[in-house]
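> model the structure of this input:
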Amino acid sequence: MTLDTYLTPTPAIDSDHPQVRRFTQVSVEGIEGVREQAVAIYYAVRDGIRYDPYRIATRLESARASATLANGYGYCVSKAVLMAAMGRVLNIPTRLGFADVRNHLTSDKLREVMGSDLFAWHGYVELWIEGRWVKATPAFNLSLCEKTGVKPLEFDGRTDSIFHPFDASGQRHMEYVTDHGQYADLPLALLLKEYERHYPGIMPELERTGGIEGDFEAEARADIS
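The predicted model follows:
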């Protein structure tokens, strides 16, 4: 694939949506330079969109970047889709990456609901900056990190921003298990198939209601209190 592939709007990465374009332009107002703008959109998504692993899109219309922006919340994949769209608005080649991640600091309720501490097909972003691909992970918003003692991920546009293996107190945090590669668009059907394989107990509820009842930030904070 050429870099142009990663500049084009797609069904999920709807970088041509007016609100996505507006949010992007506001996020980089007064900021010049590809790297600097990439950093700006990272923080706009990381902290402007609340992390919520209980709201997982099972249909294209709710998986689009514009839907996540309108909702104001999303899980790792939907936040990555939004950041990818913003990168394309700025003419920065941007693609999605996926990996299985073992999360040692999930909430008790989420672990019970999932039946596992393995987050299958965790989503992140890769941006083409200064001649190479750089990873960015805008999943956990700052307020969540501060309340749970997790060191927030920073991004400088030069080095890969991926989950830390340990939290701020030295406890096990994240472990990357399997790399699933990079994609020009959201492979929603594949993700749902993998979620069904890993978490068969929660998929009917997600498909019926679009989410599971819960407040992850409050739960995670209570678990460490």
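
> C-alpha only now, for contacts and for neighbours.
Fine.

> spit out the contact partners of residue 94.
6-7, 84-85, 87-88, 125-128, 184 (Cα atoms under 8 Å, 6 or more residues apart in numbering).

> parallel or antiparallel, list what pairs with the longest strand along the chain.
In the chain, with assignment by DSSP state E, the single longest strand is strand 118-129. Sheet pairing for strand 118-129, assigned by DSSP bridges, gives strand 94-103 (antiparallel), strand 132-136 (antiparallel).

> for the chain, which spans come out with low pLDDT?
Within the chain, the segments meeting pLDDT under 70 span 104-107, 164-173, 209-225.

> wait, which of the strands paired with strand 118-129 is closest to residue 162?
strand 132-136 (6.4 Å; Cα to Cα).

> would you mark the buried spots in that closest one?
133-136 (16 or more other Cα atoms under 10 Å).

> after that strand, next one along is what?
Per DSSP states H and E, strand 132-136 leads on to helix 142-148 as the next helix or strand towards the C-terminus.

> contacting residues around residue 142?
Counted by Cα under 8 Å, 6+ apart, residue 142 has contacts 46-47, 152.

> residue 5 now?
93, 184.

> do you know how far it is from residue 76?
22 Å (Cα to Cα, to the nearest Å).

> residue 6 contacts residue 93, correct?
Yes: because the distance of 4.7 Å satisfies Cα atoms under 8 Å, residue 6 is recorded as touching residue 93.

> rewinding a little: which of the contacts of residue 94 sits closest to residue 67?
residue 85 (11.8 Å).

> leaving out chain neighbours, which residue sits closest to the residue most central in space within the chain?
With distances taken as Cα atoms, centre = their mean, the residue of the chain nearest its centroid is residue 76 (2.7 Å). Of all residues not flanking residue 76 in the chain, residue 139 sits nearest, at 4.7 Å (Cα to Cα, 6 or more residues apart in numbering).

> report the secondary structure state of residue 201.
coil (DSSP: H, G, I helix; E, B strand; the rest coil).

> tell me the contacts of it?
So residue 201 contacts 113-114 (Cα under 8 Å, 6+ apart).

> repeat the analysis, applying 6 Å as the threshold.
Contacts for residue 201 (Cα atoms under 6 Å, 6 or more residues apart in numbering) come out as none.

> in stretch 175-187, what's buried?
Residues of stretch 175-187 classed as buried by neighbour count (16+ other Cα under 10 Å): 175-176, 182, 184-186.

> got those as JSON lines, with secondary structure and distance to residue 101 columns?
Shown next, in JSON lines, are these (DSSP: H, G, I helix; E, B strand; the rest coil; distance: Cα to Cα, whole Å):
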{"residue": "175", "secondary structure": "strand", "distance to residue 101": "6"}
{"residue": "176", "secondary structure": "strand", "distance to residue 101": "5"}
{"residue": "182", "secondary structure": "strand", "distance to residue 101": "15"}
{"residue": "184", "secondary structure": "coil", "distance to residue 101": "21"}
{"residue": "185", "secondary structure": "coil", "distance to residue 101": "21"}
{"residue": "186", "secondary structure": "coil", "distance to residue 101": "18"}
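
> kind regards, and thank you for your time.
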